[in-house]
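# For reference, the sequence and a predicted model appear below.
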Amino acid sequence: MRSAKYTAIRIAKVVGLVFVVLGLLLLNVVISVFSSFWAYVGYVRQCANYRPKGVALSDTEPAPKLGPNVRGVFAMVSRTKSLEGWRGLYQGTTVAIIMNYLLTIVSMAGIAGTLLFSSQIHMQPTTAKYVYYAYLLVSWLGPILLTLPLEVVMTRTMVYPHRVNWREPKRALSAVLSETEYKRFWRLYTLPGVLPIMLIRGLLMRVLNVTPAMMLQSFRTNWIQIWLGAPEHAAKIGLLRVLAVAAWSLLTVACTVPVYVIAVRLMIQRTEPYAIDQGSDAPDTFTPRTLDPTAEPVISLRPCAEPLNEAESFYGAASVEPYRGIVDCVRKMIQEEGYEVLGRGVYFTTFLVFWTNLGQMQQFGSTI
């Protein structure tokens, strides 16, 4: 009897500890999302903004572009704030919290399982090598396959020209998904080019995050020595490291920015009518996201399928054929909008990548 009582107490303590950990993880995810989501919304909208070439008035003048001319992510954040208020900068946070929380729990469970497995089973070096390769493969594919539907829904929610109330999840999903996607959720994995571009994006980030050891050495001590009158060779080495970080950051930006722009365009394109009935619950009866219902939409969306919403029709862009895949997406983006569209958000991304790489360097001690 006493043994059963102690067992029940231990189980209760373990369960309580699990709930506390899950609660702390949720709190951490919520704080993380709310602290940075406004910038991510600006970045996604900058990538999604459709600015096709218009008709030139004469042969000597360049063709004007349709759609709002918003230069930079922070300019897009400012435009969103002025037209939609703070709420516009946090449209989609519910899905973001769910996605990041799910990913955090699965990641922690995977790490705990791996540690437990490696501590309980002794493997030969050859076997351990293949197990490690399998772990790398799963850690690359797993998060993408797990979060792809949620990321598509979140990205579409960010650019949707009406408010989406996630307290009514069925109606919210039917607003941003087509009828086929809504009834067969797994069809999101078959969207043209979405899964391949997400795999490429994930692989690039993994490869580019494996920074050379030289660049992972701290430069902080070198700069302190420089300020205090360090020898000349210390100053040169410190500068070399910072230049190496800058070069690696530029390489990362050059490889990832076009991929992110393509990913956003492929995820948000709508090739079929909305899933919601075109009656009293039609999307155009949703509360407009703009503070002034008569104001122009924050961004222009590429029109592919009828019926068009105001973000697809307001700026007068002609209906076009949808993207059929990654290569077709790149070809049509360049043809319709010019090469510069592939560099959307490049300054914002450069700052983030450079800052992240500097932060990684500070985690390592100086070898000087």
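In hand now; what should we look at?
# Where in the protein is the helix or strand with the lowest mean pLDDT?
Lowest mean confidence among the helices and strands of the chain (mean pLDDT, DSSP states H and E): helix 220-227, at a mean of 45.
# Packing partners of the helix or strand just after that one?
Counting by DSSP states H and E, the element after helix 220-227 in chain order, helix or strand, is helix 232-268. Judged by 3 or more CB pairs under 8 Å, 6 or more residues apart in numbering; DSSP states H and E, the packing partners of helix 232-268 are helix 2-48, helix 125-159, helix 194-209, helix 220-227, helix 326-337, helix 346-361. Just so you know, the C-beta spots here come from the backbone N, C-alpha and C atoms, and that holds for glycine as well.
# looking at the ones you listed, which is closest to Ser78?
Of all the helices and strands packed on helix 232-268, helix 2-48 sits nearest to Ser78, with 8.5 Å by CB to CB.
# Could you look up the next helix or strand downstream of the closest one?
helix 73-84.
# Poorly predicted segments of this protein, please.
For the chain, residues meeting the criterion pLDDT under 70 lie at 1-2, 55-63, 115, 117-123, 128, 210-241, 276-294, 358-368.
# one more time with 80
Counting by pLDDT under 80, the chain has low-confidence residues at 1-11, 13-15, 18, 54-64, 110-133, 135, 208-246, 274-295, 354-368.
# State the three-state secondary structure for the residue nearest to Leu145 when sequence neighbours are not counted.
Spatial nearest neighbour of Leu145, chain neighbours left out: Tyr189 (7.8 Å); criterion: CB to CB, 6 or more residues apart in numbering. Secondary structure, DSSP: H, G, I helix; E, B strand; the rest coil: Tyr189 is helix.
# which one is Ser300 nearest to, not counting chain neighbours?
Closest to Ser300 by CB to CB, 6+ apart is Gly67, at 3.5 Å.
# and for stretch 64-84, what are the contacting residues?
Applying CB atoms under 8 Å, 6 or more residues apart in numbering, the contact partners of stretch 64-84 are 38-39, 41-43, 45-46, 49-56, 88-89, 91, 289-292, 295-296, 298-300, 315-317, 337, 345, 347-348.
# Next, the contact list for the residue nearest to Leu145, please.
Contacts for Tyr189 (CB under 8 Å, 6+ apart) come out as Leu145, Leu148, Pro149, Leu195.
# Also Asn100?
So Asn100 contacts Val29, Ser32, Val33 (CB under 8 Å, 6+ apart).
# Mind telling me what element it is part of?
helix 93-120.
# what's the angle between that helix and helix 2-48?
130 degrees (axes from the mean of the first three to the mean of the last three CA atoms, to 10 degrees).
# buried sites along helix 93-120?
Thr93, Thr94, Val95, Ala96, Ile97, Ile98, Met99, Asn100, Tyr101, Leu103, Thr104 (16 or more other CB atoms under 10 Å).
# Quick check: Gly345 vs Asn209, distance?
19 Å (CB to CB, to the nearest Å).
# Tell me which of the two has more neighbours.
Gly345 (22 against 11; other CB atoms under 10 Å).
# So the more buried one versus Tyr50, what's the distance?
For Gly345, the distance to Tyr50 - CB to CB - is 15 Å.
# Good, wrapping up.
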